[in-house]
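Asks: dropping the sequence and predicted coords here.
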Amino acid sequence: MRTIEAIIERAADGTYDVFCTKEIFSGVGNTIEEAKQDMIDQMAFYKETAIQEGFKYPEFMDDEYEIHYTVDSLSLMKYYVMSGFFSLAGMEKLTGINQKQLWSYLHGTKPRKAQSNRITAGFERLRNELNAMLA
């Protein structure tokens, strides 16, 4: 089974974009799930149209495949803070980055690679802790 890689990002207008890293497909939605579904719908529409019109389409679409989604760290942080699941204080504890700096990331400042890695590492620690508790 082929695995298709896709990235999920939060757009400036608050919607979510999902796009394949090596394929032509993408989707948009008000939530992550809507964006993922939109991309899946677009893929089905593309294949259906290609068949009807006699065009080629990616061979993997005739076989079983799965889509592996990755949410970029800044979008993940925005999602959880803006949704009210995490506070800036909680994110500070999770990442080791002060609240003032996190606030600026939420409002348009792009984090340096090292800071982005700290956000990712914080979420990875949280995931590992939850997996250990729920196993």
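Replies: Thanks, I have the structure now.

Asks: give me the contacts around the one helix or strand Y105 maps to.
Replies: Element membership for Y105, per DSSP states H and E: helix 99-106. With Cβ atoms under 8 Å, 6 or more residues apart in numbering as the test, helix 99-106 has contacts from 74, 77-78, 81-82, 88-89, 91-92, 95, 111, 115, 119. Just so you know, the C-beta spots here come from the backbone N, C-alpha and C atoms, and that holds for glycine as well.

Asks: what about the strands in this structure?
Replies: 2-10, 16-20, 26-29, 65-71 (DSSP state E).

Asks: domain map for this protein?
Replies: Annotated domains of the chain cover 2-71, 73-134 [automatic domain parsing].

Asks: just send these back as a markdown table, with mean pLDDT and mean neighbour count too.
Replies: Output for the domains of the chain, formatted as a markdown table (pLDDT from 0 to 100; neighbours: other Cβ atoms under 10 Å):
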| stretch | mean pLDDT | mean neighbour count |
| --- | --- | --- |
| domain 2-71 | 93 | 14 |
| domain 73-134 | 91 | 14 |
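
Asks: residue farthest from the centroid of the chain?
Replies: G54 (33.2 Å; Cα atoms, centre = their mean).

Asks: from D41, how far off is that residue?
Replies: As judged by Cβ to Cβ, to the nearest Å, G54 and D41 stand 22 Å apart.

Asks: what of D63?
Replies: 19 Å.

Asks: and W103, by the same measure?
Replies: Between W103 and D41 the computed distance is 36 Å (Cβ to Cβ).

Asks: ok, N117 next?
Replies: From N117 across to D41, the span is 34 Å (Cβ to Cβ).

Asks: same check on Y105?
Replies: The gap separating Y105 from D41 is 32 Å, by Cβ to Cβ.

Asks: what of Y80?
Replies: From Y80 across to D41, the span is 26 Å (Cβ to Cβ).

Asks: what do you get for E34?
Replies: According to Cβ to Cβ, E34 stands 10 Å off from D41.

Asks: with R118 instead?
Replies: According to Cβ to Cβ, R118 and D41 sit 36 Å apart.

Asks: and if you look at S104?
Replies: 36 Å.

Asks: next: E64.
Replies: Noted for E64: a distance of 18 Å to D41, by Cβ to Cβ.
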